[in-house]
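Chemist: Sequence and computational prediction follow.
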Amino acid sequence: MISIVRTYLTRLLPQLIALATIVAAVSIVFPGFLNLEIQNGRLYGSLIDILNRGAPVVLLAIGMTVVIATKGIDLSVGAVMAICGAVAASLITSGHSLGVTLLATLAVGVLCGVWNGILVAVLDIQPIIATLVLMVAGRGIAQLITEGAILTFNDAGLIFIGSGSFAGLPMPVVIWLLFGVLVALVVRRSALGMLIEAVGVNREASTLSGVLTPVLLIAAYVLSGLCAAIAGIIAAADIKGADANNAGLWLELDAILAVVVGGTSLLGGRFSIAASVLGAIIIQAINTGILLSGFPPEFNLIIKAAIIVFILVLQSPRFRTAFTFLSIPRAAGKPTEREAK
Amino acid sequence: MQTSDNILSASRIEKGFPGTRALDKVDFHLRRGEVHALLGENGAGKSTLIKCLTGAYRRDGGSILLDGAEVDPRDTFDAQRLGIGTVYQEVNLLPNLTVAENLFLGRQPRRFGMIDTKAMNRRARELLAEYELELDVTRDLASYSVAIQQVVAIARAVDLSGKVLILDEPTASLDAHEVAMLFRIVRRLKARGLGIVFITHFLEQVYEIADRITVLRNGQVVGTRDTAELTRRDLIAMMIGRELAAEIQSARPDAVEGEPRYSFRNYGRRGHVAPFDLDVRAGEVVGMAGLLGSGRTETAEILFGAHRADSGTAEIDGRPVNLSSPRAAIRRKFGFCPEDRKTAGIVGDLSVRENIVLALQARRGWTRPISRAEQNRLADHYIRALDIRTADREKPIKLLSGGNQQKAILARWLATEPELLILDEPTRGIDVGAHAEIVRLIETLREKGMSLIVISSELEELVAYSTRIVVLRDRAHVAELSGDRITAHQIVEAIAAANERGAS
Amino acid sequence: AELVVGFSQIGSESGWRAAETTLTKQQAEQRGIDLKFADAQQKQENQIKAIRSFIAQGVNAILLAPVVATGWDEVLQEAKDAEIPVILLDRTVDASKDLYLTAVTSDLVHEGNVAGKWLVDTVAGKPCNVVELQGTTGSSPAIDRKKGFEAALAGKDNLKIIRSQTGDFTRTKGKEVMESFLKAEDGGKNICALYAHNDDMAVGAIQAIKEAGLKPGKDILVVSIDAVPDIFQAMAAGEANATVELTPNMAGPAFDALAAYLKDGKEPPKWIQTESKLYTQADDPMKVYEEKKGLGY
Amino acid sequence: MKQKYLPLTATILIFLLSYALCVAQYPNMLSTRVIGNLLTDNAFLGIAAVGMTFVILSGGIDLSVGAVIAFTGVFLAVVLEHGGMHPLVAFALVLAITTAFGALMGAIIHYLEMPAFIVTLAGMFLARGMAFVLSIDSIPIKHPFYATLKGLYYKLPGGGRITLIGGLMLAVFAIGILIAHRTRFGTNVYALGGGTATAKLMGVPVAATTVRIYALSGLLAGLSGIVFSLYTSAGYSLAAVGVELDAITAVVIGGTLLTGGSGFVAGTLVGIFIQGLIQTYITFDGSLSSWWTKILIGLLLFAFILLQKGIIRVSRHERQRA
Ligand SMILES: Nc1ncnc2c1ncn2[C@@H]1O[C@H](COP(=O)(O)OP(=O)(O)OP(=O)(O)O)[C@@H](O)[C@H]1O
Ligand SMILES: Nc1ncnc2c1ncn2[C@@H]1O[C@H](COP(=O)(O)OP(=O)(O)OP(=O)(O)O)[C@@H](O)[C@H]1O
Ligand SMILES: [Mg+2]
Ligand SMILES: [Mg+2]
C-alpha cells in the first residue's frame, strides 16, 4: 500500500510542485488567496473557485487523457460541450423532466464520441483532422439548436448542477471528483488502462496480439464525448443558459495543455488521469491568479505563456541535463585532433 | 596490444544505462585491412559499443583513436565525416525517402546550390549496380522488401566508409545469395585497406569472412583471437561462458500420422499469396522454406487472420472456422510471432511484464484483468524459462537487446497456451545459446502435442525440427517435403525446380 | 428585377448579433430584397473575401457589419469601382467617407457615456468603487465603451474604477471574473457598482454576486449595455439597474436609405445614428422583455 | 504514375471537379475576378501554409502562426505610424524578429525535448500577448509606400487582378517547392518526418534542421503578417485568429500526412484553393445561416477527406490487380 502511494507521489511530484509554486506566488500577490470560510453551508474562497471554475477543463482533460494515450487527439470537445449544453437547455425548456434531459444530453455526447471514433478507427482519418470536422460543424449544430441566442432556463434541478452544493463543495467539484475517481478506477482496476496504452504505443502489434483496437479507440473518443457532455451541462447550468456561441470555445486547447502539463506524452502510451486533473487545476490556478492579480487584461496571455513555459521546462526530460551542461564551463572540453588539423 | 597498423583503437570504453552497465572498460582494436568479428550473446553490448564508437551514444569514459589520432565524434554525422560508415542494427533507413535520397542523404550532389537530382539518381544506380541491384531509385524505399532495404543500407555505409566500415547484423534478413555478394564486396574493401567490423550471430559466416574475433560478455571483453586459432566449440564457450551441450540436435523428429487438426483448402488472398492447401496435425512442426519475398510471411499473416483470406476454407478438427481477424484466430488458440518485431511485435514503452501478458489479457477481455501478482508470476516464469536478459520485469521492452525482445514476444504467446503457434523467423538475430534454446523449445512444444508452423531462412535449422516442409516460390506454395526428403539439398532443389517451371 | 443585396455579417458570437441577423433578413424579406448572407466567423479576411465575392457576383448593394474599423479602403474602393454602394451597419470604419454610402450605427463611445452618466447621477456624489467587465480585449466596443464610461466619470472624485478585467463578452467569463473581483475586494464589500460592456457579462456577474450572498441591484449597482431581453428580466427582479439599448434593427434604416438612393440618387447623410436609449427599472422591464423576446436574441 | 504522387493527384482532381460543379451552378464563378480573388484573398494564408507544410513534413506542428501574423501587423503599424520608420526597414526588422522567435521555439522543442504542439501553443499565447501589449487598438497604416505597393497589380481581362501579394504567394510556393525537393535542407525535413531516431543515426543534423524548420515557419509567418498588413493596411491584435487551423487544414487537404515525412508543398496550394473555393461557393449561395455555414464547411471538409481516401484506395487496388 505504502509503495503504491509512493509510486503515485513520485509520478505526481512535478505537478504538485508546480501547483504549490503557483499557489504560493499568488498568495504573495494576493494574501486573501488561501482564505476559506463557510457561507450558506458551503465552502467559499478562491481555492474553491479554482476547483469550481476548473470543472469543465478537468472533465475535458479526463477524456482527453485517454484519447491522447491512444495516440489521438480530440479537438471537438469544445464544440461538443456547446452542443450538449444546447441540447440540455432546449430539452428542459420544452418541458422534459430533468432525468430525461440529462440522459438524452449524455447520449448526444456519446454519439459525438462515436462519430469521432468511427472516423479515426474505421475510416482511418488522422485524429486532428477527424475531430476538426466536428469542431467546425459542431458549433454550427449547437447554434442551430439555440438559433444563435442564449437559451435560458429556470429549472431548479438543472441549475443545482451548476451552482448547488453538496457536502460543502460546489456541485461541479463533486461531479468531477466522483467522475474522475470512477474513470480512474474503471481504467486501472480493469485491464483497459494497459490495453489503451498498448494501442497507443503500437497499434499494429496490439492488433496482432488480439486487442480489439477499433473498439478501444472508439471507446476512448466516446469517453471524451461523455466528458464533454458533462462539462457542457455544467457550463450551461452555471450560467442558467446555453450559450452555443461561446460555450467551450478554445477549451480543447486548455484540455490538451492540461494533459501535457500532467506529464502524459502527446505520442501516446503511458497516462495518468490524476496527473491530468492536476494539470487542469494548475491551468485554472494560473487563470484565477491572473484575474486576482489585477493586471490589465492585455497582459493575461503573456503571463500565462511565461508560466506555462516555466512549468514545461521544469518538467522537460532534458532540463536537468541541460542545467548540468550549462553549469560546466565549456572550456573544459579539449579540442579534438581533427580540429587541430 | 596496440600497434601502429590499428586503424581504429578504442580503449576502456564505458557506458551505463539506468540499471545496466552496458560496457565496462572495453578495449577494441581494429587493424587496417582486416575483418573483425564482434561476437557475443544478446545484450552483451555489441550494438552499444558500435554506437559509442560512432557518436550515436555519448560514452561515459574511454578514448578512441582513429588512424593514430584521438577523435571524439559528437554524432553520427561527425563519424561519417571521419570516414566511418555504419549499418546499425534494425534501425535502417528512412522508408519515406527514395532509394537515391537514402543513399546520398547529407551529401547529395549539387549544382548551383540545388540538388542535382539527375546526377544523384545516376550515381545511385551506379552504386547499386555493384550489388547487382537494378532498382527504380526514384521510388520510396518502403516499396522494396526488407532484404533490398538492407542491401541499400549496406551500399550507403560502404560508400561512406573511407576508413572503417561497421556492419551490425547486416545479414539477418539476407539470403545466401545476397550474403555471398556482400562478402565479395567486403573482401574488396579489405583489400583496399579498410578496417571492417562485422557483427553477426551466424557462426559459419564468421568463419568464412572474419580474420579476428572479439567476444563480449555482459559488457566486458572476454578476449580477442585469430579466427584460425579458435575452434567453434571454444568460441561458443567464450560467448556463453559455458559449454553448449549440442548446438542443434541432429535427430529429426519422425513424421506424424493421423487426421490433420487444421486443414486449409484453396486458402489464399489475391495480391498476397496464391491459393494453397495446408494440413497441420497435432504434434507436428511444419516448416516453411523459400527465398526472400517468396510469400512465407504473407502465408502466415493470412493463416492468422492479419489479412483476411479471400478464397478457400479453414477447418479445425473437421469443423469449418472463420479466421477473419487475429482475434478470431486467437480464440481458436492460434499464436503468431511476427517477423518484424519492432513494428509488429513489441509494444516499446510498455514493460517486459506487460508485453508478456498482453495477448493473454486481450483474450480474456478488459473486464477480467489479470491480477498484478499473477502478471508478475507469469513474467518471472517466462523470464526464467526463456532466459530473457533484463534488469527487471518492469523495464520498458524497447530497452532490451533485440534477441531478448524476440524471446519476450515468444513468451507472450506461450502465456496464452496456444494450440497452433506460427513463428516467423523466430531465431533471427538471436545468439547461439538462445538459438539452441529456441530450437529446443520448439521441440518441447511439439512433443507436448502443440502444432507449429515455423518460417525460417536457415535451412539447417528447418531441417532439424520440421516434420514436414512446405516450399514457397513467387508467392505460391510449390512443393511439400516429408520424411527422408527433408534435407537442405532437397529444399534448394525444390526451389530451383519451381524456378525452371516458372521459366519454361 | 428584384434587388440583390449582399450582407457580410461578422459572425454569430452573441445573442445580440443573432438578433441583428434575424432582423436584417426580416427587413429584406418585407421589402422583397434578395439578401445574400455571408457569415465571416469573426474574421476580417473572411469579410473581405465575401465582399469581393459579392462584387464578382454583381450584387446591387452591400451591407457590411465590419469586425474592425481599419483595413477596408482597398476592398471598398473595388466596390466603388464596380459601382456597388456599400452601407455600414452597427460599426463604422476608418476609411474615406466617399467609399461608402452611409453608416447606420450607434455611437459606442456615447453608449459608454450614457451608462457612466447614469451611474454618476444615481450615486449622486456618494463615494463609490466601480468594477468594470470589459469586452474582448482589443475589440472596438470594448475600447470605445470603456472610453465613453471613463469620460463620464472624469472629474468625479467620488467614483473610482478599482478593477477592470476582460470577460470576453460572455456570461461564463463574466461570472468567473466577477467571482474573482468579489474575492479580491473583501467579499464584495468594497464594490458599490458594476459596469459591464454588455448585458451577457452582467447577467453572469449578477449570478456571481448572488452566490456570494450579496444583492445585485442593491448592494452592488449593475449597469450594462445592449438591452437584450434577459437583462430586462433581471431588472424586473430588481437585480440589474440600467442598460443602454443598442438596437439590432440597423438594416431597416439602411434599406430605406438605399431605396431612396437607388430610386432618385438621393445621397443619405453619411451617418445615420441609432438611438442609445437608457432603460432603468422604472421603464416597465417586463413589457420590454415581452416585446424583445421574439426578435431572435 | 508513382504511388507517392497519388494524394496530390487526387487533390488536384477533386479541386477541378468541384470547381466545375460550382461553375455549372454559378457561371460567374469562372470569371477572372474570382480567380484573382482566390489568389489575393488567400495570399497570407498560403504563405503561412508553406511554412506549416515544412513543419508538418518534419512531423511537428506550429500553432503560433496566427498570433505571429497579428503581432507582425501590430508591430508594423506601431513602428510605421509612431516610429516613422521606412516600411522596408520595418519589414526587415519584423522578419528578423519572427524568424528568431521561430528559431527559439525550434530550439526549445529540440533541446528540451518538448512536444511541438505545446511549445508553439505557448508561442501563440506569447505572440498574441505581445501584440496586445503593443496596442489593443487597431491602427491604420497610412504610409504612402503601402499605397505604392498596393498599386502594383496586373489587370486581367474581365476585371480580375493579380495583385502583388497574390504573386508573392505564388513565388513563395515556387521557392518552397524548390527548397523541399532540391535542397539538402528539404530532404532533411522529410528525413525527420520519417523518424527522428533513424535520421539521427543517418547523420542528419537534427538540431540544426529542427531549429531551421521553425525559423522558416516563423519567417513565413512574419512574411504572411506583412502581406496581411498590406492586405488590410492596418495592424490589429485580434487579427488572424485561428489561421493556424486553416493552414493545417490546407496542408492536410493537400495530401500531407500529419505524422510527417510524406506530402508536397504544391499540394498545400491546392488545399488553399479548395478552402477558398468552399468559401466562395458559400458566399455565392448566400442563403445559409451562420450555423449552416459552419456545418457545411465541416461536412465539405469531411467529404474532401473521404473522397481523397477513396481515390487513393481505389487506385491502389487497381494497381494490385494489374
Ligand atoms: N537505451 C538504452 N537504455 C537502457 N538500456 C539499454 C539501452 N540500450 C541498450 N541497453 C541495454 O544494454 C545492454 C546491451 O545492449 P546491446 O543492444 O548493446 O546488445 P547487443 O550485444 O547488441 O545484443 P543483440 O545481439 O541482441 O543485438 C542490454 O542489456 C540492453 O538492455
Ligand atoms: N517484387 C516485390 N516488390 C515489392 N515488394 C515485394 C516484392 N516481393 C516481396 N515484397 C515485399 O517483401 C516482403 C517480404 O515478402 P513476404 O513476406 O511475402 O515473403 P517472405 O518469404 O516471408 O520474405 P521474408 O523472408 O523477407 O520475410 C513483403 O512485405 C512483400 O510485400
Ligand atoms: Mg545488437
Ligand atoms: Mg518473412
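Modeler: The structure has been received and is ready for your questions. Ligands and ions are numbered 1, 2, ... in the order given.

Chemist: Is any residue of the top helix by length along chain D near ligand 2?
Modeler: Of all segments of type helix in chain D, defined using DSSP state H, the longest is helix D:290-321. No - judged by CB under 6 Å from any ligand atom, helix D:290-321 and ligand 2 are separated, with a smallest distance of 10.8 Å. Every residue, glycine included, has its C-beta placed from N, CA and C.

Chemist: now that helix, how far from the chain's geometric center?
Modeler: Distance, stretch centre to chain centre, for helix D:290-321: 21 Å (CA atoms, centre = their mean, to the nearest Å).

Chemist: which parts of it are buried?
Modeler: By neighbour count with 16 or more other CB atoms under 10 Å in any protein chain shown, helix D:290-321 contains the buried residues D:290-298, D:300-302, D:304-305, D:307-308, D:311-312.

Chemist: Could you do stretch A:162-178 as well?
Modeler: Those would be A:162-163, A:165, A:169-176, for stretch A:162-178 by 16+ other CB under 10 Å.

Chemist: can you narrow the buried residues of helix D:290-321 to ones near chain B?
Modeler: With CB under 8 Å from any CB of the partner chain as the criterion, the subset of those in contact with chain B is empty.

Chemist: Which members of the buried residues of stretch A:162-178 occur in helices, if any?
Modeler: When these are checked against helices (DSSP H), the matches are A:162-163, A:171-176.

Chemist: Show the average pLDDT along the longest helix of chain D.
Modeler: The average pLDDT for helix D:290-321 rounds to 81.

Chemist: same thing with stretch B:394-404?
Modeler: In the prediction, stretch B:394-404 has an average pLDDT of 88.

Chemist: same deal with stretch C:23-31?
Modeler: 94.

Chemist: And stretch A:306-315, by the same measure?
Modeler: Within the predicted structure, the mean pLDDT of stretch A:306-315 is 85.

Chemist: Enumerate the positions of that stretch that are buried.
Modeler: Applying 16+ other CB under 10 Å to stretch A:306-315 flags A:306-309, A:311-312, A:315 as buried.

Chemist: Just send those residues back as CSV, with distance to chain C and secondary structure too.
Modeler: Putting the buried residues of stretch A:306-315 into CSV (distance: CB to the nearest CB, whole Å; DSSP: H, G, I helix; E, B strand; the rest coil) gives the following:
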residue, distance to chain C, secondary structure
A:Ala306, 17, helix
A:Ile307, 17, helix
A:Ile308, 19, helix
A:Val309, 21, helix
A:Ile311, 21, helix
A:Leu312, 25, helix
A:Gln315, 27, helix
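
Chemist: Of those residues, which is the nearest to C:Ala40?
Modeler: Nearest to C:Ala40 among the buried residues of stretch A:306-315: A:Ile308, at 30.5 Å, using CB to CB.

Chemist: Pull up the gap between the spatially closest residue to that closest one that is not a sequence neighbour and A:Ala280, please.
Modeler: Once its chain neighbours are removed from consideration, A:Ile308 has its nearest residue in D:Ala122; the separation is 4.9 Å (CB to CB, 6 or more residues apart in numbering or on different chains). Spatial separation of D:Ala122 from A:Ala280 under the definition CB to CB, to the nearest Å is 17 Å.

Chemist: about what we covered before: so which pair among the ones in helices among the buried residues of stretch A:162-178 is furthest apart in space?
Modeler: A:Ser163 and A:Trp176 (14.9 Å).

Chemist: Excluding its own residues, what touches whichever helix or strand C:Trp16 is part of? List them.
Modeler: Element membership of C:Trp16, judged by DSSP states H and E, is helix C:15-30. Identification of contacts with helix C:15-30 by CB atoms under 8 Å, 6 or more residues apart in numbering or on different chains yields A:143, A:147-150, A:245, C:5, C:7, C:9-12, C:34-35, C:37, C:63, C:65, C:89-90, C:198, C:200, C:226, C:228, C:230, C:246, C:248-252, C:255, C:295-297, D:289-290.

Chemist: Need the max-distance pair from the buried residues of stretch A:162-178.
Modeler: With CB to CB as the measure, no two of those lie farther apart than A:Ser163 and A:Trp176, at 14.9 Å.

Chemist: Of D:Ala122 and A:Ala280, which one has the most company?
Modeler: Each of D:Ala122 and A:Ala280 had its neighbours counted (other CB atoms under 10 Å in any protein chain shown), and the higher figure belongs to A:Ala280 (30 against 25).

Chemist: In the record's domain split, what are the boundaries for chain B?
Modeler: According to automatic domain parsing, chain B comprises the domains B:3-96+B:140-240, B:245-333+B:419-504, B:345-417.

Chemist: could the ones you listed go into JSON lines alongside distance to ligand 3?
Modeler: Supplementary listing: the domains of chain B in JSON lines, determined by distance: least, CB to the ion, whole Å:
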{"stretch": "domain B:3-96+B:140-240", "distance to ligand 3": "3"}
{"stretch": "domain B:245-333+B:419-504", "distance to ligand 3": "8"}
{"stretch": "domain B:345-417", "distance to ligand 3": "5"}
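
Chemist: Where do the strands of the stretch 151-297 of chain C begin and end?
Modeler: Assigned by DSSP state E, counting those that start in this stretch, the stretch 151-297 of chain C shows strands spanning C:159-166, C:193-196, C:221-226, C:242-245, C:271-273, C:278-280.

Chemist: would CSV of these with mean pLDDT be doable?
Modeler: Written out in CSV, the entries for the strands of the stretch 151-297 of chain C read as follows (pLDDT from 0 to 100):
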stretch, mean pLDDT
strand C:159-166, 95
strand C:193-196, 97
strand C:221-226, 96
strand C:242-245, 96
strand C:271-273, 93
strand C:278-280, 96
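
Chemist: between those strands, which one is nearest to ligand 4?
Modeler: Taking CB to the ion as the measure, those were each checked against ligand 4, and strand C:159-166 came out nearest at 62.3 Å.

Chemist: contacts for that closest one?
Modeler: By CB under 8 Å, 6+ apart, the surrounding residues in contact with strand C:159-166 are A:291, A:294, A:296-297, A:300, C:119-120, C:123, C:127-137, C:142, C:146, C:150, C:153, C:173, C:177, C:180-181, C:184-185, C:190-191, C:195.

Chemist: repeat for stretch B:22-29
Modeler: B:1-2, B:6, B:8-16, B:38, B:45, B:48-49, B:52-53, B:59, B:61-62, B:214, B:216, B:218-221, B:224.

Chemist: what comes up buried for that stretch?
Modeler: Within stretch B:22-29, the residues that qualify as buried are B:22-24, B:26, B:28-29, counting by 16+ other CB under 10 Å.

Chemist: burial measure for the residue in the stretch 151-297 of chain C positioned nearest to chain D, as a count.
Modeler: When distances are taken as CB to the nearest CB, the stretch 151-297 of chain C approaches chain D most closely through C:Thr166, which lies 10.0 Å from it. Using other CB under 10 Å, the number of residues around C:Thr166 comes to 25.
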